[in-house]
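Trainee: Quick check, what structure comes out for this input:
(one chain, ligands or ions: 2)
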Amino acid sequence: MMRMNYYPPCPQPDKVIGLTPHSDSTGLTILLQLNQVEGLLIRKNGLWVPVNPFPNAFIVNVGDILEISTNGIYKSIEHRATVNAEKERVSIATFYSPNEDGVVGPASSLISEETPPRFRSIGVKDYFKGLFSQKLDGKSYVDVMRI
Ligand SMILES: O=C(O)CCC(=O)C(=O)O
Ligand SMILES: [Fe+2]
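Mentor: Ligands and ions are numbered 1, 2, ... in the order given. Next up is the predicted model:
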């Protein structure tokens, strides 16, 4: 799945939300900040840290499905986007997810008596149905999946 985001310039950027804080619900995201305008922020240790664009560089984000598959070893990254006062901003996000008839859940090879599953396992279709019935709100859907 691919999403192209267009953020028009806004003379009062602090009064608008570009893209609300969220983690990508998919497995892995490859993101291109197309026209080198900054605006992407990630949440690290509770602080919003800007990710400055580099020419022709992709940003690779861990999504919720990877957090769930690795039973929490990899953590999905919460991020948001702001708008710029003078310049328009364009980003292209490519999201990778399992097949529709697959299952979202911790990999069986990572589960043992010492490391029990930390997340529920559900079908990919039900996973996305549940996601779209919710508000986009930080990492809240990972908590829905948490046991
Ligand atoms: O515009 C950006 O840099 C972020 C886009 C994003 O997070 C998304 O499309 O999920
Ligand atoms: Fe995102």
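Trainee: Which residues does the lengthiest helix in the chain contact?
Mentor: When the chain is parsed with DSSP state H, its longest helix is helix 124-132. By Cβ atoms under 8 Å, 6 or more residues apart in numbering, the residues outside helix 124-132 that reach it are 25, 65, 97-104, 122, 141, 144-145. C-beta: built from backbone N, CA, C; applies to glycine.
Trainee: Would you mind listing the buried residues in that helix?
Mentor: By 16 or more other Cβ atoms under 10 Å, the buried positions in helix 124-132 come out as V124, Y127, F128.
Trainee: just stretch 105-112 next, same as before
Mentor: Of the residues in stretch 105-112, G105, P106 count as buried by neighbour count, 16+ other Cβ under 10 Å.
Trainee: still on that earlier bit, give me the mean pLDDT for the very next helix or strand once past the longest helix of the chain.
Mentor: Counting by DSSP states H and E, the next helix or strand C-terminal to helix 124-132 is helix 140-145. Averaged over helix 140-145, pLDDT sits at 88.
Trainee: Quick one: check helix 140-145 for contact with ligand 1.
Mentor: No. Residues of helix 140-145 are not located near ligand 1 by Cβ under 6 Å from any ligand atom, the shortest gap being 13.3 Å.
Trainee: Flag every buried residue along that helix.
Mentor: Y141, V142, M145.
Trainee: got the CA positions of the top strand by length along the chain in PDB?
Mentor: The residue-count maximum for a strand in the chain (DSSP state E) belongs to strand 89-96. C-alpha atoms of strand 89-96 as PDB (Å, rounded to 0.1, in the frame of the first residue of the first chain):
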ATOM      1  CA  ARG A  89       5.600  19.400   1.700                       C
ATOM      2  CA  VAL A  90       5.200  16.100   0.000                       C
ATOM      3  CA  SER A  91       6.000  12.600   1.400                       C
ATOM      4  CA  ILE A  92       5.400   9.200   0.000                       C
ATOM      5  CA  ALA A  93       5.000   6.300   2.400                       C
ATOM      6  CA  THR A  94       5.100   2.600   1.200                       C
ATOM      7  CA  PHE A  95       3.600   0.200   3.800                       C
ATOM      8  CA  TYR A  96       4.400  -3.500   3.800                       C
END
